[in-house]
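Colleague: Sequence and predicted structure are below.
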Amino acid sequence: MTRRRSRIRIDRPGFLAYGLLTAFLLASAYPLWWSFVVASGTNATRGETLPLIPGGNFLSNAAKVLDAVPFWQALLNSVIVSGVITVSVVTFATLAGYSFAKLRFRGRDGLMLFVVATLAIPTQLGVIPLFILMKDLGWTGTLGAVIVPTLVTAFGVFFMRQYLVEVIPDELIEAARVDGAGQFRTFLTVAVPAARPAMAILGLFTFMTAWTDFFWPMIVLRANNPTLQTALAQLQSGYYIDYSIVLAGAILATIPLLVLFAVAGRQLISGIMAGAVKG
Amino acid sequence: MSTDIAPRTRLTARQRLSRFDVKASPYLYVAPFFVLFGIVGLFPLVYTFVVSFNDWDLLKGQGDWVGFENYANVLTDRFFWNSIFNTLSIFFLSAVPQLFFALVIAAVLDQNLKGRTFWRMSVLLPYVVSPVAVTLIFSSVFNEGDGLANNIANLFGIADVQWKHDVFASHLAVATMVNYRWTGYNALILLAAMQAVPRDLYESAALDGAGPIRRFVSITLPSIRPTLIFVVITATIGGLQIFAEPRLFDVSNAGGIGGADRQFQTTVLYLWEMAFFRRDFGEAAAIAWLLFLLIVGFALLNFLLSRRLASSELRAAQRKAARAIAESSRSAR
């Protein structure tokens, strides 16, 4: 392979580039490492200027976390909440996105414009009527109250529509219909297989957003039935804060996402770069 | 279309069913979204308006219709204006450095790096830490007595900073948490836009003697403007609704309403306090609507402002770039 000289001159990054990235990586990773060091030491570890070496108390501090809050229940709740929301958002977004991308019907453009317009609307600000609604239904304190408000997102529909417009040739749909497939059959056999990569990315981001959400779960759930995030927040109550326990909790709660990151980090990156945005 | 080919004159039941299928299915597929979104997204937002015109207690429920009284109360409430000030201050302290560093990182990542995937992953690492965990970590880092931030400051001979009491310092601390989580994420979005810039532009500019900074300012920046606008607008919508960070930054003082003197109480946090501490849903709804207007207004302003900047500068840059390409191809021949 021969390269043109100018290309080499422009694109070869020097020490400065690697230095900058290394500095950024250290700034990103050190707070996490520091948390682990503190969580594995005693509350006095924090007095050291730049502690680097973990102590041996992580498991005992983690055990204190499990005593202080219903951690396993919170973990299970988070799995249920994020799982149900993800399945629902991806399913309905794929259905609607396919319809907007590939089917012809009266009012389509107007409805799509509505979807786009709602992208920029901070629906979070509807919390008060939402809370009244959940209270009237008697759902406060239950996982249903956390799940229902996020069963669909405008972003999901928009994202799937943009993707499906590109990837499914109209001829493929025609062919399926000529073969006698009904609309739903066509959706299942043509659209879903083609949509799979985008569904995975949308699912990943929906899961992350649901998993890390705090505002609404904190409002609608009680201390005895928390998600991971609201349980974590409980660790900090009271006037005396033992940071080795609080940070042990933060580390414990971050492990599942670190695992997800190790497994699906590449997909996350390509999702962000393909235009997946904040939920 | 395929049904038209069928040479039958009368529609069979099967064909009628198929026709119904074709007509109704598109609506059936979009219906779940619109019905659910209407109930849990749009209706609450509109109903917030109704609540804001009533006396409405968290426990006692709906009271009398009071017209604009809730709005009048909120607009003369110094805590409300304090929260607006804090929100904007934290927003600027996070948006500006975040954008700057995201641009720098994206520009570095846009080069021919060894271990490309590794560096991209490393940039995204903080994003997988939830805002609550980030806040707990930084609440400890910024602890005034023995936190990491003050330990490092002391190394350089700087006296302990009152991260949780001082207004500016606390805003800086909260902004740091937001920046920690979102800078790398935004860098990747900007990187995607940078990779779409034709490499020829850089090469011809380099041949013309433009250095890396010059190339970045006059080629990269104008080319990625639309993405930049997008990032700014999403940062605005998110940044004006910061909640977890101020809520959990200093819980030991005043139960986590944003500092003992509300020195870092954001507007969403104030909304929460009004609704669930003071149980005044009417005023809380008024706050929600005012914040809604502020966010939409800000997003719109950003959009118009950056679009105007973008269109004029982009056109100039494109013209210049086109000329450069034409010239270099001529000289190559």
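Modeller: Everything's here; your move. Source: prediction; values computed, not measured.

Colleague: per-residue confidence for whichever residue of the stretch 101-250 of chain A sits closest to chain B?
Modeller: Using C-beta to the nearest C-beta, the single residue of the stretch 101-250 of chain A nearest to chain B is residue A:126, 3.0 Å away. (Glycine included, C-beta is placed from N, CA and C.) You'll see residue A:126 listed with a pLDDT of 91.

Colleague: same question, residue A:8
Modeller: Reading off the model, residue A:8 has pLDDT 44.

Colleague: quick one, phi/psi of the residue of the stretch 101-250 of chain A closest to chain B?
Modeller: Main-chain dihedrals, residue A:126, degrees, to the nearest 10: phi -90, psi 20.

Colleague: spatially speaking, which residue is in the middle of the chain?
Modeller: No chain was given, so I picked chain A. residue A:208 (1.4 Å; C-alpha atoms, centre = their mean).

Colleague: sorry, should have said chain B
Modeller: residue B:235 (2.4 Å).

Colleague: Go ahead and list the helix or strand containing the residue nearest to the residue of the stretch 101-250 of chain A closest to chain B when sequence neighbours are not counted.
Modeller: Take residue A:126 and drop its neighbours on the chain: the residue closest to it by C-beta to C-beta, 6 or more residues apart in numbering or on different chains is residue B:44, 3.0 Å away. Element membership of residue B:44 [criterion: DSSP states H and E] is helix B:43-51.

Colleague: Kindly export that helix (C-alpha atoms) in PDB.
Modeller: Extracted in PDB, the C-alpha atoms of helix B:43-51 (Å, rounded to 0.1, in the frame of the first residue of the first chain):
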ATOM      1  CA  PHE B  43     -51.700  14.700  28.500                       C
ATOM      2  CA  PRO B  44     -49.700  15.300  31.600                       C
ATOM      3  CA  LEU B  45     -47.900  18.200  30.000                       C
ATOM      4  CA  VAL B  46     -51.200  19.900  29.000                       C
ATOM      5  CA  TYR B  47     -52.900  19.000  32.300                       C
ATOM      6  CA  THR B  48     -50.000  20.700  34.100                       C
ATOM      7  CA  PHE B  49     -51.500  23.900  32.800                       C
ATOM      8  CA  VAL B  50     -54.900  23.100  34.400                       C
ATOM      9  CA  VAL B  51     -53.200  22.200  37.700                       C
END
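
Colleague: by contact count, what packs against it?
Modeller: In terms of contacts (3 or more C-beta pairs under 8 Å, 6 or more residues apart in numbering or on different chains; DSSP states H and E), helix B:43-51 is packed against helix A:127-137, helix B:281-332.

Colleague: Residue A:264 is in contact with the residue nearest to the centre of chain A, correct?
Modeller: No: applying C-beta atoms under 8 Å as the test, residue A:208 and residue A:264 come out as separate, 9.7 Å apart.

Colleague: Show me what secondary structure element comes after whichever strand or helix holds residue A:219.
Modeller: Using DSSP H and E, residue A:219 falls within helix A:215-220. Scanning forward in sequence from helix A:215-220 by DSSP H and E, the next helix or strand is helix A:228-234.

Colleague: which stretches of the stretch 1-150 of chain A have low pLDDT?
Modeller: A:1-12, A:43-47 (pLDDT under 70).

Colleague: For residue 123, grab the count of nearby residues.
Modeller: Here I'm looking at chain A. 19 (other C-beta atoms under 10 Å in any protein chain shown).

Colleague: wait, I meant chain B there
Modeller: Counted by other C-beta under 10 Å, the residues lying close to residue B:123 total 26.

Colleague: Pull the contacting residues for the residue lying closest to it once chain neighbours are set aside.
Modeller: Closest residue to residue B:123 apart from its sequence neighbours, by C-beta to C-beta, 6+ apart: residue B:184 at 3.7 Å. Residue B:184 is in contact with A:24, A:28, B:102, B:105, B:123-127, counting by C-beta atoms under 8 Å, 6 or more residues apart in numbering or on different chains.

Colleague: Of the residues you listed, which belong to helices?
Modeller: Among the contacts of residue B:184, the members falling in helices (DSSP state H) are A:24, A:28, B:102, B:105, B:123-124.

Colleague: what residues are up against residue A:77?
Modeller: By C-beta under 8 Å, 6+ apart, the neighbours of residue A:77 are A:143, A:225-228.

Colleague: same thing but 6 Å
Modeller: A:143, A:227 (C-beta atoms under 6 Å, 6 or more residues apart in numbering or on different chains).

Colleague: And residue B:298, by the same measure?
Modeller: By C-beta under 6 Å, 6+ apart, the contact list for residue B:298 reads residue B:236.

Colleague: Quick one, grab the pLDDT at the nearest residue to residue B:239 once chain neighbours are set aside.
Modeller: Distances taken as C-beta to C-beta, 6+ apart place residue B:91 nearest to residue B:239, at 4.4 Å, with adjacent residues excluded. Listed pLDDT for residue B:91 reads 94.

Colleague: I figured residue B:91 hits residue B:241, correct?
Modeller: No: with contact taken as C-beta atoms under 6 Å, residue B:91 and residue B:241 are classed as non-touching, separated by 9.8 Å.

Colleague: Looking at those two, which is more packed in?
Modeller: It is residue B:91, of residue B:91 and residue B:241, that has more neighbours when counted by other C-beta under 10 Å, with 22 against 19.

Colleague: Regarding that one, which helix or strand does it belong to?
Modeller: helix B:78-109.

Colleague: now do residue B:55
Modeller: Using DSSP H and E, residue B:55 falls in strand B:54-57.

Colleague: just checking, what packs against that strand?
Modeller: Under the contact criterion of 3 or more C-beta pairs under 6 Å, 6 or more residues apart in numbering or on different chains; DSSP states H and E, strand B:54-57 touches strand B:61-65, helix B:281-332.

Colleague: Lowest average confidence across these, which one?
Modeller: helix B:281-332 (a mean of 72).

Colleague: Let me know the pLDDT of whichever residue of the stretch 1-150 of chain B sits closest to chain A.
Modeller: In the stretch 1-150 of chain B, the residue that lies nearest chain A is residue B:44 (3.0 Å; C-beta to the nearest C-beta). Residue B:44 carries a pLDDT score of 92 in this model.

Colleague: so who does it touch?
Modeller: Counting by C-beta under 6 Å, 6+ apart, residue B:44 makes contact with A:126, A:129-130.

Colleague: Kindly reformat the residues you listed as TSV containing distance to residue A:269 and neighbour count.
Modeller: Formatted as TSV, the contacts of residue B:44 follow (distance: C-beta to C-beta, whole Å; neighbours: other C-beta atoms under 10 Å in any protein chain shown):
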residue	distance to residue A:269	neighbour count
A:126	32	24
A:129	38	21
A:130	33	26
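
Colleague: which bits of the stretch 51-200 of chain B sit near chain A?
Modeller: By the rule C-beta under 6 Å from any C-beta of the partner chain, the part of the stretch 51-200 of chain B lying against chain A is B:51, B:108, B:111-113, B:119-122, B:125-126, B:128-130, B:132-133, B:136-137, B:140, B:146, B:151, B:188-189, B:192.

Colleague: Which among those residues count as buried?
Modeller: By neighbour count, with 16 or more other C-beta atoms under 10 Å in any protein chain shown, these hold B:51, B:108, B:113, B:119-122, B:125-126, B:128-130, B:132-133, B:136-137, B:140, B:146, B:151, B:188-189, B:192 as buried.

Colleague: any idea how far the residue lying closest to residue B:129 once chain neighbours are set aside lies from residue A:67?
Modeller: Once flanking residues are discounted, residue B:129 sits nearest to residue A:254: 5.4 Å by C-beta to C-beta, 6+ apart. As judged by C-beta to C-beta, to the nearest Å, residue A:254 and residue A:67 stand 20 Å apart.
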